[in-house]
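Colleague: Structural data only, the sequence is not supplied:
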């Protein structure tokens, strides 16, 4: 993998990209770690991402992708954010520590959020707004200042078998 640091914007940008694998990279001290916009069939796995000005991994209007096995620490935004009609994305087996939100999904559909370890979020562990047809299962969420899991204006979301310890709200 690559070691990328001190970027003014994205450490790795994936615009209008299809069938891309991003793995085994170390990304430090940038605005975003990995930024995927209008991307399809992304596999983002086993990356170490830390000290981002905004999000560790951000997908906007991206589909049929997986985010797994990443270690993401110290983001001033979300460790992982899924925005603007992103759908059919699996987020699993990630370790997310010390960000505003562990996982944030806004206007996203068919998310499978499972087996993530989320800790020390300054807001929520998992935050879904306008989300639909999604599942949140098997996650361990600890020491978040607000809620471990927040759902707003969301429908058909299954929340099951999560371990929630010492969270706010």
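Modeller: Ah, there it is. These numbers come from a predicted model, not from an experiment.

Colleague: Let me see the mean pLDDT of stretch 49-61.
Modeller: Taken as a whole, stretch 49-61 has an average pLDDT of 98.

Colleague: Need the residues that contact it.
Modeller: Under the contact criterion C-beta atoms under 8 Å, 6 or more residues apart in numbering, stretch 49-61 has outside partners 11, 26-39, 42, 44, 65, 67, 70-86, 89, 96, 99. For the C-beta atoms, the positions are set from N, CA and C on the backbone; glycine is no exception.

Colleague: what do you get for stretch 150-160?
Modeller: Under the contact criterion C-beta under 8 Å, 6+ apart, stretch 150-160 has outside partners 124, 126-137, 149, 169.

Colleague: in that stretch, what counts as buried?
Modeller: For stretch 150-160, the neighbour count (16 or more other C-beta atoms under 10 Å) marks 150, 151, 154, 157, 159 as buried.

Colleague: So which of these belong to strands?
Modeller: 150, 151, 157, 159 (DSSP state E).

Colleague: Can I get those in a markdown table including distance to residue 144 and pLDDT?
Modeller: A markdown table is the format used below for these (distance: C-beta to C-beta, whole Å; pLDDT from 0 to 100):
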| residue | distance to residue 144 | pLDDT |
| --- | --- | --- |
| 150 | 10 | 97 |
| 151 | 15 | 98 |
| 157 | 18 | 97 |
| 159 | 15 | 98 |
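
Colleague: Serialize those to a markdown table and add fields for distance to residue 54.
Modeller: Formatted as a markdown table, the entries for these read as follows, by distance: C-beta to C-beta, whole Å:
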| residue | distance to residue 54 |
| --- | --- |
| 150 | 20 |
| 151 | 23 |
| 157 | 25 |
| 159 | 27 |
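
Colleague: Against residue 64, how distant is residue 26?
Modeller: Residue 26 sits 26 Å away from residue 64, going by C-beta to C-beta, to the nearest Å.
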